[in-house]
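A.B. asks: give me the fold of what follows.
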Amino acid sequence: VRLEESGGGLVQAGGSLRLSCVVSGGIFRSYAMSWFRQAPGKDRKFVAGINWSGDRTYYEDSVKGRFTISRVNAKNTMYLQMDGLKPNDTAEYYCAGGDYGLGYPSTHTPGEYAYWGQGTQVTVSS
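C.D. replies: Have a look, this model is predicted:
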């Protein structure tokens, strides 16, 4: 199973970016999916998650109301729409895939995910 992120970049504070994660080599609709991020020198942290069907979503408190996670199973793709970006959102962003039954609070634990992408860098300037 391969996960490939795209859409990162450099943006000014208050701006927006849309990350994409394309999954190949597996049955996308069978995976719960999430976004994590990791800043230099810090642990990888949960950002947002979505269940296999897309009708349940989870967010880390600091991104609620600013970020929106979604998925299109027919396209094997998950998205993260990031609005109102702040400098402390700067990090490498990773998509992760786990068992379809994965739910809160396990969704927030990196070790619960079997599949990971290589990451895409998001840098927010002040």
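A.B. asks: okay, CA-based contacts and neighbour counts for the rest of this
C.D. replies: Fine.
A.B. asks: can you get me a residue count around residue 101?
C.D. replies: Neighbours of residue 101 under the rule other Cα atoms under 10 Å: 12.
A.B. asks: that one is in contact with residue 32, isn't it?
C.D. replies: Yes - using Cα atoms under 8 Å, residue 101 is in contact with residue 32, at 7.0 Å.
A.B. asks: between these two, which contacts overlap?
C.D. replies: Here residue 101 and residue 32 share the contacting residues 51, 52, scored by Cα atoms under 8 Å, 6 or more residues apart in numbering.
A.B. asks: in contact with residue 97, which residues?
C.D. replies: 31, 32, 33, 34, 113, 114, 115, 116.
A.B. asks: over to residue 10?
C.D. replies: With the criterion set at Cα under 8 Å, 6+ apart, residue 10 makes contact with 122, 123, 124, 125.
A.B. asks: pull out the buried positions in the helix or strand harbouring the first one.
C.D. replies: This means residue 122. Here residue 122 sits within strand 120-125, counting by DSSP states H and E. Of the residues in strand 120-125, those buried by neighbour count under the rule 16 or more other Cα atoms under 10 Å are 120, 121, 122, 123, 124, 125.
A.B. asks: surely the fourth one is in contact with residue 90?
C.D. replies: So the one you mean is residue 123. Yes - under the criterion of Cα under 8 Å, residue 123 makes contact with residue 90 at 4.6 Å.
A.B. asks: returning to that earlier point: can you list the buried residues of strand 120-125 in JSON lines and add pLDDT and distance to residue 77?
C.D. replies: Formatted as JSON lines, the buried residues of strand 120-125 follow (pLDDT from 0 to 100; distance: Cα to Cα, whole Å):
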{"residue": "120", "pLDDT": "98", "distance to residue 77": "15"}
{"residue": "121", "pLDDT": "98", "distance to residue 77": "18"}
{"residue": "122", "pLDDT": "98", "distance to residue 77": "19"}
{"residue": "123", "pLDDT": "98", "distance to residue 77": "23"}
{"residue": "124", "pLDDT": "98", "distance to residue 77": "24"}
{"residue": "125", "pLDDT": "97", "distance to residue 77": "28"}
